[in-house]
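K.L.:
Generate coordinates for the sequence data below:
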Amino acid sequence: MLVKIFGGAVYGINAITITIEVNILWGAKFIIVGLPDNAVKESQQRIDSALREIGLKIPGKRVIINMAPADVKKEGSAYDLPIGIGILAANEQLPDADLEHYVIMGELSLDGSLQAVKGVLPIAIHAKKEGFKGIILPHQNANEAAVVQDFEVYGFRHINEVIAFLKKEKSFSPAVFDRKIMEQHSDNELLDFKDVKGQENVKRAMEIAAAGGHNMIMIGSPGSGKTMLARRLPTILPPMTTEEALETTKIHSVAGKIQNNNSLIVNRPFRSPHHTISNVALVGGGSWPQPGEISLAHNGILFLDELPEFQRSVLEVLRQPLEDRMISISRSKFSVEYPANIMLIASMNPCPCGYYNHPTKECNCPPGAVHKYLSKISGPLLDRIDIHIEVVPVELDKMTSNTESEPSAAIRERVIAAREIQTARFREHQGIYCNAQMTSPLLKKYCLLDDRCTALLKIAMQRFGLSARAYDRIIKLSRTIADLEHSEKIKPEYIAEAIQYRSLDREGWGG
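P.N.:
Next comes the predicted model:
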């Protein structure tokens, strides 16, 4: 008897439907065709053991399994459950099962229990678009897939439960997504800007970066507070929209980063890879591409601590994602795209010893060492970083002061207000959500400069030798500062402040 079961496969952050055709004929061979990898081929042993544990078995006949489309490679153990159910249905052990209405995915243990699989959220979204009634999954993945509204999601612990459901021997309730999750904010109470003594200029720069989605690099000596400040930046970012949360969750689902019983990622990601990271681990890839750290930080922050310690080749692969906000990974037979809308926050020492330009300690680096150290970061990469800010060690008087600084909640309110202005501004422009994403035509439309602003910019361009890209970055920063001040016009003082955030473009750096 020939039956068809439906599963799914993930490419990039999207999915396609996989049709699993099972036919049982006279003979004595188990055959899987349709470009299965070794994990799929090994499913025979897991399925055989799982079925025997519940008093069933693979029939001693010729079992042919075709996974269509046949020219698409099938990877992983997530096809164990649909293949097992297909064998039972083809052997007429599942009469009147509504197999055509459900997508089925899951890995089988030898005792028949179900194990979690990757990428169920994009598969569930695609299944709903394709008109399926629901999806059958391991219980660990049920909350994740339940994010898809008006779609039945059933999570089971054992293949026995799946069989009972399909035979209609027992009723099961679908998983339900709790909308209150979107209202949760798990900002760590231990991280708050109110605990940061001094550093008012850096906190101001971070507020501007958060308000406009700008990239930022902090330069300062060891112990000046660069990492501490960076880790507090998520506490002032605006909450994610439903669309952002869904897209972020899809990426983490594909990468297998969703924790058991979690459903939706509602807090902006903060990724901080070690400086020994490889190109592939950062941008994604592999023989079967997976999202890298850049994509895992989508709609959040990618923090690179001690930037010059990263390999030069690793830093250079950042250039294209920072500009296009998308990563395209090509292979000989296919290509995938991962979104990469990130805020890059980096930190670095000013020199190898760390004390160049320090107010009290003397730099002991040899001549030319500072320039050599800074040259590890290319000019094109620095051009793509909007804000360069010096982090000076806090004076002892301020450190011992009992005065409490402004809390993150107050700063966040101003950031949210500025983002709301930008949301209204770019409502008609798809894919543009903040000032940092503005293209040249949008700059001309929304960043009109008067004669005084233009004259000030010309002086800065001539004195610091800024590039055309740096020119655009200054204007974008000025627009964000104006939004924070609720000003429709860009004023000369906003331009002047934006110019101050180009520390590495000024004379005096590099010795």
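
K.L.:
Toward the C-terminus, what is the element adjacent to the helix or strand of the chain with the lowest mean pLDDT?
P.N.:
The weakest-scoring helix or strand in the chain, judged by mean pLDDT, DSSP states H and E, is helix 396-399 (a mean of 72). Using DSSP states H and E, the helix or strand that follows helix 396-399 towards the C-terminus is helix 408-425.

K.L.:
Can you give the contact residues for whatever helix or strand comes next after that following helix?
P.N.:
Stepping forward along the backbone from helix 408-425, the first helix or strand reached (DSSP H and E) is helix 440-446. Under the criterion C-beta atoms under 8 Å, 6 or more residues apart in numbering, residues Arg425, Phe426, His429, Ile432, Met438, Asp472, Ile475, Lys476, Arg479 lie in contact with helix 440-446. For the C-beta atoms, the positions are set from N, CA and C on the backbone; glycine is no exception.

K.L.:
Next, the buried residues of stretch 10-25.
P.N.:
Of all the residues in stretch 10-25, those buried under the rule 16 or more other C-beta atoms under 10 Å are Val10, Tyr11, Gly12, Ile13, Ala15, Thr17, Ile18, Ile20, Glu21, Val22, Asn23, Ile24.

K.L.:
If we go by neighbour counts, what in the least confident helix or strand of the chain is buried?
P.N.:
So helix 396-399, judged by 16+ other C-beta under 10 Å, has zero buried residues.

K.L.:
quick revisit: now a ChimeraX select for only the buried ones of the contacts of helix 440-446.
P.N.:
Command for ChimeraX that selects the buried part of these, burial taken from 16+ other C-beta under 10 Å:
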select :425,426,432,438,472,475,476,479
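
K.L.:
can you pull the contacts of Lys74?
P.N.:
Contact analysis of Lys74 by C-beta under 8 Å, 6+ apart lists Ala9, Ile18, Gly34, Leu35, Pro36, Asp37, Val40, Met67.

K.L.:
Am I right that the second one is in contact with Ile5?
P.N.:
No: with contacts counted by C-beta atoms under 8 Å, Ile18 stays clear of Ile5, the gap being 9.1 Å.

K.L.:
Show me the domain layout of this structure.
P.N.:
2-166, 193-431 (automatic domain parsing).

K.L.:
any idea how far the shortest one is from the chain center?
P.N.:
Counting by C-alpha atoms, centre = their mean, to the nearest Å, domain 2-166 is centred 28 Å from the centre of its parent chain.

K.L.:
now the longest one
P.N.:
Here the centre of domain 193-431 is set off from its chain's centre by 13 Å, with C-alpha atoms, centre = their mean.

K.L.:
Among the buried residues of stretch 10-25, which one lies nearest to Val103?
P.N.:
Nearest to Val103 among the buried residues of stretch 10-25, counting by C-beta to C-beta, is Thr17 at 7.4 Å.

K.L.:
for the closest one, helix, strand, or coil?
P.N.:
Secondary structure, DSSP: H, G, I helix; E, B strand; the rest coil: Thr17 is strand.

K.L.:
quick one: contacts for it?
P.N.:
Counting by C-beta under 8 Å, 6+ apart, Thr17 touches Phe6, Gly7, Gly8, Val103, His126, Ala127, Glu130.

K.L.:
same thing but 10 Å
P.N.:
6-9, 68-69, 103, 123, 126-127, 129-130, 132 (C-beta atoms under 10 Å, 6 or more residues apart in numbering).

K.L.:
For the residues you listed, which single residue is the most surrounded?
P.N.:
Compared across those, Ile123 has the highest neighbour count, 30 neighbours, by other C-beta atoms under 10 Å.

K.L.:
do you know how far Ile459 is from Gln93?
P.N.:
Distance from Ile459 to Gln93, counting by C-beta to C-beta, to the nearest Å: 82 Å.

K.L.:
Of the two, give the one with the bigger neighbour count.
P.N.:
The neighbour count for Ile459 versus Gln93, taken as other C-beta under 10 Å, is higher for Gln93 (15 against 10).

K.L.:
any idea how far Met105 is from Leu56?
P.N.:
Relative to Met105, Leu56 is positioned 20 Å away (criterion: C-beta to C-beta).

K.L.:
the more surrounded of these two?
P.N.:
A count of neighbours by other C-beta under 10 Å puts Met105 above the other of Leu56 and Met105, at 29 against 19.

K.L.:
That one and Ala142 touch, don't they?
P.N.:
No: judged on C-beta atoms under 10 Å, Met105 makes no contact with Ala142 at a distance of 11.5 Å.

K.L.:
Overlap of the contact sets of those two?
P.N.:
Common contacts of Met105 and Ala142 (C-beta under 10 Å, 6+ apart): Val120, Ile135, Ile136.

K.L.:
who's in contact with the closest residue to the first one other than its chain neighbours?
P.N.:
Excluding its sequence neighbours, the residue lying closest to Val120 (C-beta to C-beta, 6 or more residues apart in numbering) is Asn141, at 4.4 Å. Residues in contact with Asn141, defined by C-beta under 10 Å, 6+ apart, are 78, 105-106, 114-121, 123-124, 135, 153, 155, 175, 253, 258, 260-263.

K.L.:
pretty sure Asn141 is in a strand, no?
P.N.:
No: if the criterion is three-state DSSP, then Asn141 is helix and not within a strand.

K.L.:
measure it to Leu114 for me?
P.N.:
9 Å.

K.L.:
anything in contact with each of the two?
P.N.:
Listed as contacting both Asn141 and Leu114 by C-beta under 10 Å, 6+ apart are Met105, Gly106, Gly155.

K.L.:
Tell me, how many residues neighbour the last one?
P.N.:
As a burial measure, the neighbour count of Gly155 was computed by other C-beta under 10 Å and equals 25.

K.L.:
Across the sheet, point out what pairs with it.
P.N.:
Leu137 (DSSP bridges).

K.L.:
you'd agree it is up against Glu161?
P.N.:
Yes: using C-beta under 10 Å, Gly155 is in contact with Glu161, at 9.3 Å.

K.L.:
Show me the common contact partners of these two, please.
P.N.:
The contact sets of Gly155 and Glu161 overlap at Leu114, Ile136, His139, Phe172 (C-beta under 10 Å, 6+ apart).

K.L.:
for the stretch 151-300 of the chain, which spans come out with low pLDDT?
P.N.:
Per-residue confidence for the stretch 151-300 of the chain (pLDDT under 70) gives these ranges: 179-189, 260-262.

K.L.:
how about the strands in it?
P.N.:
Here the stretch 151-300 of the chain has its strands, by DSSP state E, counting those that start in this stretch, at 152-156, 216-220, 270-271, 284-285, 290-291.
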